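> sequence unavailable; structure follows:
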C-alpha cells in the first residue's frame, strides 16, 4: 500500500469509529425517549457525556488534522475514492467549526445549553418568559461570537443557516418566504370567510390506542417501511432515528380522542425513516450515512404526510380499513367528508399542531425573529411582543401568554438557531419533487388508490434516499427537478387543494 | 491537591469512563435481545466491537499501568478510600490477566470465540458434535495456554474457576459436590419409585400471554422490584441486566401452554435484579458496581425462584390472584395440588428445564468434564460418550443425540470454562443464607403469606446487595452465615421438601 492508500484507510477507520460512537449515542437517545426507567437517567446522561466527548475529541484530534491535511492535497484528491473525498469535506467543515471556538468557551456553552433547557421547561410551565430571558440572551451572545469566529458571507445569520441547510441564505429565504406569504395570507383569510367549512366533530371520538397502533402498523407497511430494518414505539414527542440503514426506528404518540396525532405523526416519521432505510450501504460507517440536510429530510416526511397521507386517493384505498379499526364513529361519514375534515385549516397558536396551509407562516415568524436577533435589529427582551405582533400580522391570532407564544418551542433553549427555516424549505422541496415525480409517474393518484406505494418509494430512493449526504441539498433539488428553490409549486398546490375543499373559486 | 489525591482522582475518572462504555455495551446487548430489527445487527456488532476494544484498551493502557503502580504502594494504600482500594484490586486482576496473554494470541482467540459460537449453533441444530469438535479442541487448547500464562495453584482448573468464583477451588468443589450427590442421587431414585406423584396435566393448558404478563408484573411488584428503576420485556433466553442501579431490566419468555416458564423465569430474574437495583449508589462508576460473583448472583435468583416462588406460603398469598389471570383451568385444583405440581421432580436431559432437586446433578456433569479436560484426563473427542455416561450415572437418563446431550449449552462455544459450578454454588449459598435469615426473620413463612416481602428484600440488601463487589463471595457468605461453604443446608432443605411432597418417609 502506498502512502495515500494508507492514510485513506486510517482516515476511514477513524470516521468508522466516530460513527460507531454516534450509533451508540443514537440508541441511548431512542431508549431514553421510549421507556428507559427514570431512575437510570442521571447515570445514562453521564454515559452520553463520555461518548459525546469522545466523538468531539476524535473530530478535532491531531490525527484528524493530519488526515484532512494530507487528503486535501490535489494529488490525494485525485486518487482517493469519491466517498472518501466527500467524507473529508464533511469532516473538514466540522473540524473547522469546532476548532475555531476556544475550548474553554465551548465548554461553557455546553453547560449553558444544558441549563437553559431545564430553565426553558420551567419558564414554559409557568408561562413566564422573564425566567428564560437571561439564558436566551447568553445563548444569542455566544452564537454571535461564534459567527465572528466562523466568519460569514453577506448576512451574519447565513452562517447559522449554513449549519442546517448549506447553500440557503437570507437572500434566498427572504424571497421565497415573501412569495409564499403573499399568497398564503389572503388564502387563510378567504378560508376563514368561507361558508363551506368541513364538519369535524367525528374526529374527536374515542379511538382505542391499541387499534390506532394496529392501523399505524398497517399504514407503515403499505408505505414501504421495512420492519426487518425498524420498529414502531410509543413516545411523548415523536421522532424517527436512523441508527444505521438496517435499524431505523419510528415512534408515535396516541391520543385516544384524536387519532390524527398517531396516524399523521406515524406517516410523517415514516417519510424520515424511508430516507434513512434506503441510504446506500456503501456509506455505512462514514459521515455521509444520513440525510443530507434538515430541509431535505423534512421534504421526505412532509411528502408522505401531506402529498400521500392527506391525499384523497390514499384514503380511497384505506378508508374502509380505517373504519374497521375505529369504533363505528365513521360509519356514517362519507369519504369526502372525512377527507375534508382531516384537511381542515384554521389559524392556530401552536406550530406543531398547525395544518399544512398555515404551517409555513409559523416558521416565518421564527425566521424573522432569528434574522433580527443576529443582525442586532431585535433584542431578546422584546421577543414576546414581537412574536405576538408577527402572529397577528401573519395568522390573525394573538397568544394570550408566552407558553402558547414565544416559549412554545424547545429549539432555542438548546442553542439551535437557523433550524426553523428547514421546516418550510422541506415543504417547498417536497412540492417541487412531487411535480417532477408526476412527469415519471403521471399515474400517481392511481398508485395511491391501488396501494402500490413501492413505486413512489423507489422513485424517491433513486433520486434522493440512496445518496445520503453525497450530494448537497440544492444539488439534490437541481438533479431531481432541474431547477433551484421555487415557491411556486407549493403555492399552486395549496391554492388548488384549499380552493376545492373550501369552494373558494 | 497532593500527588496521591491527583492520581486517585485520575484513576477514578479512568474507571468511570470504562464503566460508561460498559453501560452502553449493556444497553446494546439488551436491545439486541429484546426486539432490535434484524437487518441492523451486523452494523450493531461493529459498534459493540469498537466499544469493547475501547474498554479493553483502557483496562490495559499505559495510564492504567501507572495508576495501579502508584496506588498499590503501601503509602498510597493507606491514604486512598476503601472504594478506590478495592477498585484498584479489581483493575489489577484484570490488568494482569489481560497483559499476560500476548496481544496477537488474544486477537486470534476472540475471532475463534465468535466463529465457534456460530459453528456450535449449526452443530446443535444438526445434533452433530463432530462439527463443533475441532473448535472446542482449539478453545480448550487456548485456555490451557492461558492457564500457563496466568499460573495456577494446586489444580490447573482452579485458575478458570477463579475467574467466576474467586476462592472456590477444585478441592472445595469435589467435597461439596460429592456430599450433595451422595444424598441427591438416592433421593431422585426414591422419588421415581414413589406412588404418591403429583398430578400436573392442568399446568399445560392455555394461559394467554397477555395474562401471564399481567401476573408477572404483579409478582415483580410484590417481590419489591422497583419499576422506576427497571422494566419487563420479552425475549428468547431470559436474562436480567444491571445497566446502573437505577436501570436494571428483566426479561422473560411466555409459553402459552406452560406458564411456569414466564412465572418462575421472571421470579428468577427478579432475584438477580433486586441485587443490582440495591447496590450502594456510592459504587456507581466504579468496577465494584455489580454482583461480586456469578455464584452470589445466582444465590439471589435461586433464593427468590425456589425459596420464595416455589414455596407453598407464597402461593397461599397469590394463588387466588393467579387463578384470576388464568382461564379457569385451576378453578378445581386445590392449593396443595397446585403446589405439588409446580414442584414435580423427575430426571430430565436438559439443564435449563431441570427441577430444583435434579438441577445440581446437571451442573456436576459439566464440572467433571471441565476438570477432566484441563487436567488432561479427558479428550474433547470423547466428550459425547463421557457426557452420556455421566448423565446415566447421576440422573439415570441417557441422551439420544448430542443436541440433547453435550451440545445443549452455549457456554463452551464462547470459551466460558469454569462458569457452570457457579449455578450449583449459588444454590448452596442461597440455602445457607435462608438458614441465617430465619434467625433474624423466624416468621419468614408468615411474611410470604402476608405478601410482606419487602422485609426479606431489605435483609438481603443489608447483607448482600448493597456491597456490590466490595466483598469477595466467600467473605459475603462468612459475614452472612458465620461459616464457609456448607452443602448440608441445601441437602436438608431438599430432603425435607421432597420427602413431604412425595411422602417418602
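Here it is on my side, so go on. Just so it is clear, the model here is predicted, and its values are computed rather than measured.
> care to break chain A down by domain?
A:3-100, A:201-337+A:423-501 (automatic domain parsing).
> can I get those in TSV with distance to chain B, mean neighbour count and mean pLDDT?
From N, CA and C alone the C-beta is placed, and that goes for glycine too. TSV is the format used below for these (distance: least, Cβ to the nearest Cβ, whole Å; neighbours: other Cβ atoms under 10 Å in any protein chain shown; pLDDT from 0 to 100):
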stretch	distance to chain B	mean neighbour count	mean pLDDT
domain A:3-100	3	17	95
domain A:201-337+A:423-501	3	20	97
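> for the residue nearest the centre of chain A, give me phi and psi.
In chain A, the residue lying closest to the centroid (Cα atoms, centre = their mean) is residue A:298, at 4.3 Å. The phi/psi pair for residue A:298 (degrees, to the nearest 10) reads phi -70, psi -30.
> residue A:227 contacts residue A:247, correct?
No: with contact defined as Cβ atoms under 8 Å, residue A:227 does not reach residue A:247; the gap is 11.3 Å.
> circling back to that earlier point, ok, the closest residue in space to the residue nearest to the centre of chain A that isn't next to it in sequence - contacts?
Nearest non-adjacent residue to residue A:298, counting by Cβ to Cβ, 6 or more residues apart in numbering or on different chains: residue A:426, 2.5 Å away. By Cβ atoms under 8 Å, 6 or more residues apart in numbering or on different chains, the contact list for residue A:426 reads A:294, A:295, A:296, A:297, A:298, A:299, A:300, A:301, A:302.
> so which of those belong to strands?
Counting by DSSP state E, no part of the contacts of residue A:426 is found in strands.
> quick one: the strands in the stretch 201-350 of chain A?
A:232-234, A:240-244, A:247-252 (DSSP state E, counting those that start in this stretch).
> of all the ones you listed, which one is nearest residue A:471?
Across these, residue A:471 has its closest neighbour in strand A:240-244 (17.2 Å, Cβ to Cβ).
> can you tell me the closest non-neighbouring residue to residue A:478?
That would be residue A:484: by Cβ to Cβ, 6+ apart, it lies 6.4 Å from residue A:478.
> go on, residue A:72?
residue A:88 (6.4 Å).
> following the chain onward from the host helix or strand of that neighbour, which element is next?
Using DSSP states H and E, residue A:88 falls within helix A:82-100. Going down the chain from helix A:82-100, the next helix or strand is helix A:103-126, by DSSP H and E.
> go through the following helix or strand past that following helix and flag the buried ones.
Remark: after helix A:103-126, the chain's next helix or strand is helix A:129-150, criterion DSSP H and E. Going by neighbour count (16 or more other Cβ atoms under 10 Å in any protein chain shown), the buried part of helix A:129-150 is A:129, A:131-133, A:135-136, A:138-140, A:142-143, A:146-147.
> tell me which two in these are the farthest apart.
A:131 and A:147 (26.3 Å).
> three-state assignment of the residue nearest to residue A:311 when sequence neighbours are not counted?
Spatial nearest neighbour of residue A:311, chain neighbours left out: residue A:448 (5.9 Å); criterion: Cβ to Cβ, 6+ apart. What DSSP: H, G, I helix; E, B strand; the rest coil gives for residue A:448 is helix.
> residue B:212: which of the contacts of residue A:426 is nearest?
Out of the contacts of residue A:426, the member with the shortest distance to residue B:212 (by Cβ to Cβ) is residue A:301, at 38.3 Å.
> picking up where we left off before, where's the residue nearest to residue A:298, which helix or strand?
Assigned by DSSP H and E, residue A:426 falls in helix A:421-440.
> do you know the pLDDT at residue A:103?
Note for residue A:103: predicted pLDDT of 85.
> ok, it - how many residues close by?
10 (other Cβ atoms under 10 Å in any protein chain shown).
> and what of the one 10 residues further on?
The number of residues packed around residue A:113, counting by other Cβ under 10 Å, is 16.
> what's the distance between stretch A:432-450 and the middle of its chain?
23 Å (Cα atoms, centre = their mean, to the nearest Å).
> scratch that, stretch A:293-303
So, by Cα atoms, centre = their mean, the centroid of stretch A:293-303 is 6 Å from its chain's centroid.
> which residues touch residue A:25?
A:48, A:51, A:52, A:55.
> got those residues as TSV, with secondary structure columns?
What follows is those, written out as TSV (three-state DSSP):
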residue	secondary structure
A:48	helix
A:51	helix
A:52	helix
A:55	helix
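> for residue A:339, which non-adjacent residue is closest in space?
residue A:312 (4.7 Å).
> how much space between residue A:323 and residue B:107?
60 Å (Cβ to Cβ, to the nearest Å).
> next: residue A:217.
For residue A:217 relative to residue B:107 (Cβ to Cβ), the value is 44 Å.
> next step: the contacts of residue A:426 restricted to helices.
A:294, A:295, A:296, A:297, A:298, A:299, A:300, A:301, A:302 (DSSP state H).
> you'd agree the last one is up against residue A:424?
If I follow you right, that is residue A:302. No: assessed by Cβ under 8 Å, residue A:302 is found out of contact with residue A:424, at 9.7 Å.
> mind checking how far residue A:163 is from residue A:93?
Taken as Cβ to Cβ, the span from residue A:163 to residue A:93 is 9 Å.
> which ones are touching residue A:306?
A:356, A:427, A:430 are the contacts of residue A:306 under Cβ under 8 Å, 6+ apart.
> before we move on, what about residue A:454?
residue A:224.
> tell me, which helix in chain A spans the most residues?
helix A:3-32.
> that helix to helix B:3-32, inter-axis angle?
If you take axes from the mean of the first three to the mean of the last three Cα atoms, to 10 degrees, helix A:3-32 sits at 80 degrees to helix B:3-32.
> just how off-centre is helix A:3-32 within its chain?
The answer for helix A:3-32 is 24 Å, by Cα atoms, centre = their mean.
> next, the distance between the ends of stretch A:152-167.
13 Å (Cα to Cα, to the nearest Å).
> got the buried residues for it?
Per 16+ other Cβ under 10 Å, stretch A:152-167 contains these buried residues: A:155-167.
> name the residues that touch it?
Contacts for stretch A:152-167 (Cβ under 8 Å, 6+ apart): A:97, A:143-144, A:146-147, A:150-151, A:168-171, A:173, A:293-295, A:370-371, A:374-375, A:417-419, A:421-422, A:425, A:472-474.
> ranges for the helices of the stretch 301-450 of chain A?
A:312-325, A:335-342, A:359-374, A:383-395, A:421-440, A:444-450 (DSSP state H, counting those that start in this stretch).
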